[in-house]
Structures are given as structure tokens and as C-alpha cells.
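[1] Just the structure for this:
(2 chains)
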Amino acid sequence: MVFFKKSFSNQIMVLTVVLLLLPIAITFYMLHVIRSTEQSMLETHKKNLTKAVTFLDNSFPSTFDEILKKHHAEDLTRREKVILLNRELKPIIDQAKRNYPGVELGFYSLSLDVILDGDEQSYGENFSKRRKEAFDETITKNKPVVQVFGLTQGGQIEVYQPLIRNGEVIGSVWGTENLSTIYRRMNQIEVDAYGVIILGGLLGLGGAFTLIARLVTTVNQVKAGVQKLEKDLTYVLPPAPGEIGEITQAINHLATKLINAQNYNEIILASIDDGILAVDLAGNIISLNSSAMRILGLENSCLGKNIVDVFPTDSPFCRFLQDALKMQELVKDKELIYPSSNGKTLHLLVSTNLMVNIRQEIVGAVLTCRDITERTLLEEQVRRQERLAALGKLVAGVAHEIRNPLTSISGYIQYWLKDHLPTPKSLQIVHKEISRVNTIVDKLLQFSRPATAIFGSHDLNQLVRRTLQSFKDAHDCAVEIEEDLATGLPPAYMDPGQIEQVLLNILYNASQATSNRGKIRVSTAYEPQKGMLVVSVADNGPGIPEEVMPHLFEPFFTTKPKGTGLGLAIAYEIMQAHGGDIQVESKVGQGTTCHIYLPFVNQNAEAKEGQGDAHNSCGR
Amino acid sequence: MPTILVVDDEESVCEFLREVCEDAGYKVQVALDGKEALASFKKDPPDTVLLDIRMPELDGMQVMDLIHELNPHVPVILMTAFGTTEMAIEAMKKGAFD
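    Numbering: from 1, shown residues only, chains lettered A, B, ... in the order given. Here you go, the predicted model:
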């Protein structure tokens, strides 16, 4: 059967209505037809019978008495009269019967109270009360009487008409017809009709059920197919007729698209080096890429399982995901040392995030972990190399620095050994050089073991002013020093002696740069980006060339002929120990600015704000 | 009296050499860096130059080349606390006297 291109539900409705109403309508119609057929048949036979009776009436012009008179039978016994009358009437009755086959006809004599049907053998006296009543009725009422009897009562039609001669009712003419055969035939037709109706109904219903069943089967097939599809996206739904077929086709296309998308997604996930683990709201693993399996020691079979079942009880990954799901607490780039399945210890960078769908609902959480073991190792190596290089440079620098004075000392001594007398001048030079060596050794010691700092809460501006004063006192240079100290700064957390040392060093550098005729601007402020206090010393000297900048804080690096090259190196170490920082901005022709950053004391809390971990292993 | 130009960034070395050379009867000119050395050389050309190799800005080798531009025949003796054979060879190649 083909479904026409109409709305599906309308089709069903139309079908239902048709299937229900049609047989009902047909049934009623058939019943009506049968009834009216019966009616008309009865009418026909009634008319026929009436005509027959009338015919008989008309074929008998005289009266019973006349016949008796004709045969001089007035004095015969009643029975003899009846026989006689029957004999006389028989031809008329037979004639009438011949004209109207199937009909019983006869007369009824009122005076004799007897049926005369032309049969000499019967006396017509034994007739039912009913007939008597019918005769009486037709005679007294002077009207024809029609009686119809159904199949159960014999299936007869009886017509009684008054027999009127000379204005007087002398009896009745009657006719009967047995319709039982006809009735039976009609019944048969009725039965047949009912049969047909029922058959039709059954067929219709059967057809309807079949169609519906087919429809339901198709729908169930599609349903089963879709359920199969849920488990296996490559399953192709078999074609179906009509609109359902279009649905299955659309579903198949959708499945293909899903497969493609899934494939892409899977390929993408598999290509990412970071491990990606996604769980749904209940904590069941919904996605797990190969990197995650490798890093976390999981397998494909873990898909679908809950994280509490897959990870050991105290696993941080479990905890991170649960925190994310339950409290929306996320971790970002958290470093984690994790023993991996093959015994190696991995250094991981872990982040969690919530998964949110288009409708802004949380549907799960995802954990990414990056294996930075190698990177950390490399970083360590680099740092070690750098340290070694710095150390190497340091050693070379020290060696060089010490050798210089030793050259002249040794030279003089050799000279004196060759029978020359040491002059006071030369002795002084040797003395000076020896002091120099001592100074270098001192500075070196200071550099390698900086004096233990005593930290405390101190007013920064006060320290700056004090330092500037002692600087001015120590170096009466022609440099103009401008102060711009911010007010309302919280106290700094520092060792004032060490910071003074740093500041003096910077000021000295600045004054050297401006060669005693420039301007130095000293300012204090709060630097919000770093969350620390900052002291800035800006000079309008020549600036520092780009190639020199990376070496500024290297020990023994100096551009000054007489410098030890340790000043800034020591300053750097001091700032590190304070948990602060030192930075230099400079451009050739635009002067130099040196910033030192210090943590401040939060007056509302006990903890120190902005204090980095001075012993941070990931270190500066 | 022959003059010697002593060039070294270490003042103590210069002073030491000055004492020794003067005692040996030479007139000594002292320069603390390459620029000073060249200026002195032009002003009062010495007979010999004692030149420290390792100096800031203009190093010994460069100074020697510049001096030889002015007077290729002046003997230049290079001094260093860092003597390596390679350096010696290179210095000799470049025309150092010793």
C-alpha cells in the first residue's frame, strides 16, 4: 500500500473513519434494503392476494342462496348444502386459482358459518377461532381485513373481504398465501447479507489491522534500528515505505554525519599530546584519549566506568574532578608529581574545566594533564648549565681579578730579589695591591654567602631619604637628585641595611652614568601589577646598549675600568632573598631607570602580601 | 735616551714597569688604555712599546695594529697574564717583536 503525500496523522484518521463508518453504513443500508424488500414483497403479495380475492368475488356474481335455489337444495342438510355449494363453487375457485397460482381462495358463508373452498371432502367447519374472528371482523366492519403472519406462525398472508350481494353482506371472500418459502428465501438473503457484511467487516478490520500492524512493525523496526544505532553508529537502517522511509534515510544520514564528526573528534583527541579525560555529571568517563591513557595508566576499557572505580582512592585526579563537579572548583596548571604505572615519576601540569552545553547547562568536567617531566628536566639542565657557566665565569673573573694585582706584586718581588731596593713608592703600591686582593676576596665572600638578612616592617620612604642623604654626604657630586616619594604606602618587609646597600649601589651607578652633571630622579610607589612596592632610580645618562643588558647582573661584569662588577650581582641576590625583584630599563640616548620591588606588610592580615616564595624551587 | 711606552690598564703594573725601566735607564711613558697609548705614540713616538693584551675597549692586538700603521718598524712587546701558546703565535704572526 502506498501512503499518499498527506499528513500522516490525517491518513490514520481518515483510514479509521472509513474503516469504521463504511461497514456500519453498509450494514444499515443493507438492513434497510432487506426490510424494504421484505416490505415491498409483502405489499406485492398483499396486492396480489387482494386482486385474487376481488377476482374471485367478481367471478361469482350470484349468491349462495341462489345456487341452493337453483339446485332446489333448500331443504338439504347443512352438510349436503355445503357439499353442493363446494361442488358448484369449485370451478370458479379453480379458475381463480389458475389465474393466481400459489394462492388459496375460498368463500365463507355467514348463514351457514362455513368455509367453502371447493373441496367436497372437507366440511370447512374446523377453522380456527382466529379465522372466525377475521370473518366476523370483515363482515361487521364491511371492510377488507389483511393479516400477515411471520415465519414462526406459518408465514401466511390472509385477505378477507366482505361478500356483498344486493347490498347485503352474505359472507366473505378470502384468500391466503403461504409465504414461508419466500420468507425462507428472504431470510437466506438476509443471512447472506449479514454474512457479507460480517465478512466485509472482518476483511476491513483485518485489512486495517494488517496495515496498522505493518505500520507498527515498521515503526518498531525503526525504533529497534535507532536503538541499535545508539550502540553502533555504523548500523544502517533498512529502507521503509513512504514517509517512514524518509525518516530512516534521514536517520542514516545523521548517523553518517555523527560518525564523521566522531572520527574527526577522535582523530583530533588522539593527536593531542596532552591527556584529556572527560567525565559526565556522575563521574563516569565519557572520553579518554590515548595520551591520557599513557600518562594516567588507564585503558580503553575504562570508558564508561566511574572515576572512583578506575583511580586509587587517594588519587588527586579523582579529587580534582570531584571538586570541579560538586563545587565548581577548578585547578589551573597545577603542578603534580605523579608516579606513573611504569615506575617512572612524572612531573605533570594538570588543569580542570567544566563542560557546558549550548543551553548553558553543566554536563560534565574535563581534566587535562601535560607531561612536563622532560621539560622540567631540560629546564633543570639548563639552569644547571647556566649556574655552572656563571660559576665558571665567576671563577675566571675572580682568577683574573686576583692575578692582576699579583702580577705587579710578583714583578716587584722578582725585581727586588735581583738586588734592587724596594722604594717607599713601590712598597706602597704593593701594599695597595694586596688590599685590593683582600677587597675582592671580601666581596666574593659576600656574594657567595650574603649576610643573613633580618627582615622587618619598615617605612620605605624613610629609608630612601636616609640613603639619599648618606649618598649625598659620601659623594658630593654635582648631580641633581630629585625626590618623588608616594604617600600612604604600607610598610615594606625588608632588611633596611641590605636595601640601603642596594640603593647606594644603584645611585652610584646612576651618578657614574651621568658623569656628575646630570639628573637623578628617585621615586617610590605601589606597583599593582606585581602587587609590590617599587623604588625607581632614573638617570638621564647615555643609557645601556642592548647587547650589555643581559649581562648586567652577572658577577664580575662591568663596563667600568675600575669596577669589581659585583655590585649589581650582589643587589640581585639581595632582592631575591627579599622575595622582590630588580629590573633595569634602558635605551641608548634615553637614560636608564632601575626599579627594585619589595613586598609590603598588609596591615589587616598577619601574612605578608606579595611575598613570593623566597625558596621557590621553580625559581627565578 | 730611548723611550719606552708602557701600556696597561692596571695602574700598579704601569708603575712597576716604570720603576724597573727607569732604573734600567730608559725614559718611560705610561698609558692606561689604547686611546691614551695612540695619543702618546703620536705625540712622542717611543722606541719600543710594552703592550698589555687584555684591555677594555681597545685591546692590545688592535693597539698594536694601529701603532704599526703609524710606524711599522716599532718593536711591540706584548704582555699578558693569560699567555697561551695560540695567543703567542697569533701575536707573533701579527708582528709582535716578542
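[2] So for the helix or strand hosting residue A:171, what gets flagged as buried?
    Using DSSP states H and E, residue A:171 maps to strand A:168-178. Applying a neighbour-count criterion of 16 or more other C-beta atoms under 10 Å in any protein chain shown, the buried positions in strand A:168-178 are A:170, A:171, A:172, A:173, A:174, A:175, A:176, A:177. C-betas here are computed from N, CA, C, even on glycine.
[3] so the second one sits right up against residue A:65, yeah?
    No: with contact defined as C-beta atoms under 8 Å, residue A:171 does not count as touching residue A:65 (10.6 Å).
[4] Which neighbours do the two have in common?
    Taking C-beta atoms under 8 Å, 6 or more residues apart in numbering or on different chains as the criterion, residue A:171 and residue A:65 both touch residue A:111.
[5] in chain B, what residue is nearest chain A?
    Proximity of chain B to chain A (C-beta to the nearest C-beta) peaks at residue B:12, 3.9 Å away.
[6] Would you check how far apart that residue and residue A:544 are?
    When distance is defined by C-beta to C-beta, to the nearest Å, residue B:12 is 29 Å away from residue A:544.
[7] Contacts for stretch A:479-489 next, please.
    By C-beta under 8 Å, 6+ apart, stretch A:479-489 touches A:460-461, A:464-465, A:468, A:471-472, A:510-511, A:514, A:516-526, A:533, A:600.
[8] So residue A:205 is in contact with residue A:19, correct?
    Yes: Residue A:205 is in contact with residue A:19 according to C-beta under 8 Å; the separation is 7.0 Å.
[9] check contacts around residue A:182.
    Applying C-beta under 8 Å, 6+ apart, we find residue A:182 in contact with A:41, A:45, A:155.
[10] what residues does chain A put near chain B?
    By C-beta under 8 Å from any C-beta of the partner chain, the residues of chain A that approach chain B are A:400, A:403-405, A:407-408, A:411-412, A:415, A:420, A:423, A:425-426, A:429, A:432-433, A:559, A:561.
[11] Now do the helices in the stretch 301-450 of chain A.
    A:307-310, A:316-327, A:373-417, A:424-448 (DSSP state H, counting those that start in this stretch).
[12] which secondary structure elements does the second one contact?
    Contacts defined by 3 or more C-beta pairs under 8 Å, 6 or more residues apart in numbering or on different chains; DSSP states H and E place helix A:316-327 against strand A:275-280, helix A:307-310, strand A:334-339, strand A:345-356, strand A:362-371.
[13] mean pLDDT for these: which is lowest?
    When the helices and strands packed on helix A:316-327 are compared by mean pLDDT, strand A:334-339 comes last with a mean of 82.
[14] for the chain, which spans come out with low pLDDT?
    Chain wasn't specified; assuming chain A. Within chain A, the ranges that satisfy pLDDT under 70 run A:1-10, A:120-126, A:151, A:154, A:341, A:447-451, A:476-477, A:516-517, A:561-564, A:603-620.
[15] Chain B, not that one
    Those would be B:81-98, if you go by pLDDT under 70 across chain B.
[16] For it, which residue occupies the most central location?
    In chain B, the C-alpha nearest the mean C-alpha coordinate belongs to residue B:51, at 2.2 Å (C-alpha atoms, centre = their mean).
[17] Enumerate the residues of chain B near chain A.
    Residues of chain B lying near chain A by C-beta under 8 Å from any C-beta: B:9-10, B:12-13, B:15-17, B:19-20, B:23, B:32-33, B:56, B:81-82.
[18] Which pair of these spans the longest distance?
    Based on C-beta to C-beta, the longest span within those runs between B:23 and B:56 and measures 29.3 Å.
[19] how about the strands in chain B?
    B:3-7, B:27-31, B:48-52, B:76-79 (DSSP state E).
[20] The stretch 151-300 of chain A too?
    For the stretch 151-300 of chain A, the strands defined by DSSP state E, counting those that start in this stretch cover A:156-165, A:168-178, A:275-280, A:285-288.
[21] can you list these in a markdown table and add distance to residue A:305?
    Shown next, in a markdown table, are the strands of the stretch 151-300 of chain A (distance: least, C-beta to C-beta, whole Å):
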| stretch | distance to residue A:305 |
| --- | --- |
| strand A:156-165 | 92 |
| strand A:168-178 | 92 |
| strand A:275-280 | 10 |
| strand A:285-288 | 6 |
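[22] Go through those and name the closest to residue A:84.
    When these are compared by C-beta to C-beta, strand A:168-178 sits nearest residue A:84, at 15.5 Å.
[23] relative orientation of the closest one and strand A:156-165 in degrees?
    Here strand A:168-178 points in a direction 160 degrees away from that of strand A:156-165 (axes from the mean of the first three to the mean of the last three C-alpha atoms, to 10 degrees).
[24] Partner strands of strand A:168-178, with direction?
    As defined by DSSP bridges, the strand partners of strand A:168-178 come to strand A:103-109 (antiparallel), strand A:156-165 (antiparallel).
[25] is it fair to say residue A:537 lies in a strand?
    Yes: with DSSP: H, G, I helix; E, B strand; the rest coil as the criterion, residue A:537 is part of a strand.
[26] how close does residue A:504 get to chain B?
    Distance, residue A:504 to chain B, using C-beta to the nearest C-beta, to the nearest Å: 24 Å.
[27] Closest approach to chain B from chain A, which residue is it?
    Nearest residue of chain A to chain B (C-beta to the nearest C-beta) works out as residue A:408 at 3.9 Å.
[28] ok, now which ones touch that residue?
    By C-beta under 8 Å, 6+ apart, the contact set of residue A:408 is A:429, A:430, A:433, B:10, B:12, B:13, B:15, B:16.
[29] likewise residue A:367?
    By C-beta under 8 Å, 6+ apart, the neighbours of residue A:367 are A:275, A:276, A:277, A:278, A:279, A:317, A:320, A:321, A:324, A:350, A:351, A:352.
[30] who's in contact with the closest residue to residue A:166 other than its chain neighbours?
    Once flanking residues are discounted, residue A:166 sits nearest to residue A:63: 7.7 Å by C-beta to C-beta, 6 or more residues apart in numbering or on different chains. By C-beta under 8 Å, 6+ apart, the residues touching residue A:63 are A:165, A:166, A:170.
[31] Which residue ranges of the stretch 451-600 of chain A form helices?
    In the stretch 451-600 of chain A, the helices defined using DSSP H, counting those that start in this stretch lie at A:460-474, A:496-513, A:567-578.
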